[in-house]
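> model this:
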Amino acid sequence: MTANTSSAGGGTLPQDEAQLLVEEHGRVLVLTMNRPWSRNAMSLQLAQELADAFEAFDANEGLSVCIITGAGGTFCAGMDLKGFARGEIPVVSDRGFAGLVQRPPHKPVIAAVEGYALGGGFEIALACDLIVAASDAAFGLPEVKRGLTANAGGLLRLQHRLPYHFAMELVLTGRMLPAAEAAGLHLVNRVAAPGGALEAALELAADIARNAPLALAASKQVLVNSVDWPVGEKFARQREHVGSIAATNDAAEGSRAFMEKREPVWTGS
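Purely as a prediction, here's the structure:
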């Protein structure tokens, strides 16, 4: 299915195209930022469509994993400056920039990166749980080169994804980080041939989606939230997320499927 066509943003939008393309592949949702004339620069309309899509993704028991990617060989070049000049800021309530960076979905999200993921585009990728990149992709936070600072999560997340001093170098120099170097630093999960990032992300998503959706979401929440939990409270707080999982229908189905030597059929309940 495809989102409604919109004309917001920095360029001429063909009447038969939408700013966000939405497809389902079994239990995997694919969201394609579709503003190739602007290298998928983030408009307010696209941010709102993404926020709506993420809300629907979390609410849909039939979906386990989301992939976000960009059309036209580029992931996202950051904020749409033409829209910004008109007073549009692509921030959606408590979800933040791109409808994602401040409050990502509870379920796993994969960034499939072709071409450039710069500024806000890199911050979108950092807000995802896994990153698949084409071998010729590049990441960067070039804001300091323009007298600005990254403010959509890059300064908050990068030091936890990379060694501190290396993260500091990237932020203070604003230099590009090629995909091969990012993979060597384990920032990128998988590297694909140019043009193959989405296919590789779909393969990774399929591996994830074979597992129980409630267990996936709960496991993600513990990994994300436990970073600053006090040591004495870690297990108690973990139970808040995972304590009810063993009593779910999916847990019973997983045990039955194991005993019966078959693939489980998950219901998300």
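> Which residue ranges of this protein form helices?
Ranges of helices within the chain are 44-59, 81-85, 120-127, 154-161, 164-173, 179-184, 197-209, 213-225, 234-242, 249-259, based on DSSP state H.
> Need the winner for burial among those.
Of all those, helix 120-127 carries the top mean neighbour count, a mean of 28, counting by mean count of other C-beta atoms under 10 Å. (Each C-beta comes from the backbone N, C-alpha and C, glycine too.)
> Alpha carbons only: can I get it in PDB?
Provided in PDB are the C-alpha atoms of helix 120-127 (Å, rounded to 0.1, in the frame of the first residue of the first chain):
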ATOM      1  CA  GLY A 120      19.500  14.500  10.000                       C
ATOM      2  CA  GLY A 121      19.800  11.600   7.700                       C
ATOM      3  CA  PHE A 122      22.600  10.100   9.800                       C
ATOM      4  CA  GLU A 123      20.600  10.800  12.900                       C
ATOM      5  CA  ILE A 124      17.600   8.900  11.400                       C
ATOM      6  CA  ALA A 125      19.900   5.900  10.900                       C
ATOM      7  CA  LEU A 126      21.300   6.200  14.500                       C
ATOM      8  CA  ALA A 127      17.700   6.200  15.800                       C
END
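> Could I get the average pLDDT for that helix?
Helix 120-127 shows a mean pLDDT of 98.
> who's in contact with it?
Contacts to helix 120-127, defined as C-beta atoms under 8 Å, 6 or more residues apart in numbering, come from residues 40, 42, 68, 70, 75-79, 90, 97-98, 100-101, 104, 109, 111, 113, 117, 131, 139-141, 150, 152-154, 157-158, 161.
> Now list the buried members of those.
Neighbour-count burial (16 or more other C-beta atoms under 10 Å) is assigned, among these, to 40, 42, 68, 70, 75-79, 90, 97-98, 100-101, 104, 109, 111, 113, 117, 131, 139-141, 150, 152-154, 157-158.
> Output the lowest mean pLDDT helix or strand found in this protein.
Lowest by mean pLDDT, DSSP states H and E among the helices and strands of the chain is helix 81-85, with a mean of 85.
> can you give me the offset of that helix from its chain's centre?
24 Å (C-alpha atoms, centre = their mean, to the nearest Å).
> Output the contacting helices and strands for that helix.
Taking 3 or more C-beta pairs under 8 Å, 6 or more residues apart in numbering; DSSP states H and E as contact, there are no helices or strands that helix 81-85 lies on.
> just use 694 as the starting number from now, easier for me
Yes, from this point I'll number from 694; that puts the last item at helix 774-778.
> got the CA coordinates for it in PDB?
The C-alpha coordinates for helix 774-778 follow below in PDB (Å, rounded to 0.1, in the frame of the first residue of the first chain):
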ATOM      1  CA  LEU A 774      16.300  23.700   3.700                       C
ATOM      2  CA  LYS A 775      13.700  25.100   1.300                       C
ATOM      3  CA  GLY A 776      11.000  24.100   3.700                       C
ATOM      4  CA  PHE A 777      12.900  25.500   6.600                       C
ATOM      5  CA  ALA A 778      13.100  28.800   4.800                       C
END
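> re earlier: mean pLDDT lowest for which of the helices of the chain?
Ranked by mean pLDDT, the helices of the chain bottom out at helix 774-778, which scores a mean of 85.
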